[in-house]
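J.: mind folding the following:
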Amino acid sequence: MCESNQEANRLESRNPSPTLSVIPAPEPGSIVTTYKQHTCNLLNSVIPFQAMKTITLKADPKFDAELTALAERLSTTKSAVIREAVGEYRAKLDRDAMRARLQDLSRRLHEQTLEAIEDFDDTIADGLDNT
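T.: Numbering: from 1, shown residues only. The predicted model follows:
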């Protein structure tokens, strides 16, 4: 049995849901079993099974049309487009925060450098001969 099916069965036994049903396994050696095993191997190597939570999003017709068009253009689901967009937005916020931190550190380093130069300039006039 495919690991994702095993996971679904495990979740079903812990938390019965009328929307989740378990399909009986086909006979070993049948075309369906071979196809199912190949598909399970492919899915498990590419996309590990994860239980997804359902959320509700209110969208105006224009947003829904744009989201639908984008999902079709990318050959994926609306949910996948939204998950990707949220991930990209989080990454952008992380980059912006890092940029702000680097700018702050750069400003502080600049100020310390100026203080060091001023201190160095003050040593020139400390009474030593310039020979």
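J.: poorly predicted segments of the protein, please.
T.: By pLDDT under 70, the low-scoring segments of the chain are 1-49, 125-131.
J.: OK, contacts around the residue nearest to Leu70 when sequence neighbours are not counted?
T.: If you skip the residues right next to it in sequence, Leu70 has Val81 as its closest partner in space, 5.4 Å away by CB to CB, 6 or more residues apart in numbering. Where you see a C-beta, it was placed from the backbone N, CA and C, and this is true even at glycine. With contact set as CB atoms under 8 Å, 6 or more residues apart in numbering, Val81 has these partners: 67, 70-71, 74.
J.: who wins for most neighbours among the residues you listed?
T.: Leu67 (18 neighbours; other CB atoms under 10 Å).
J.: now that one: closest residue in space that isn't a chain neighbour?
T.: Spatially, and ignoring its direct neighbours in sequence, Leu67 is nearest to Lys78 (5.2 Å; CB to CB, 6+ apart).
J.: what distance do you get for that neighbour to Ala65?
T.: Distance from Lys78 to Ala65, counting by CB to CB, to the nearest Å: 11 Å.
J.: of these two, which one has the most company?
T.: Lys78 (15 against 11).
J.: now the strands for this structure?
T.: With DSSP state E as the criterion, the chain has no strands.
J.: how about the helices in it?
T.: When assigned using DSSP state H, the helices of the chain occupy the ranges 3-14, 31-46, 61-73, 78-124.
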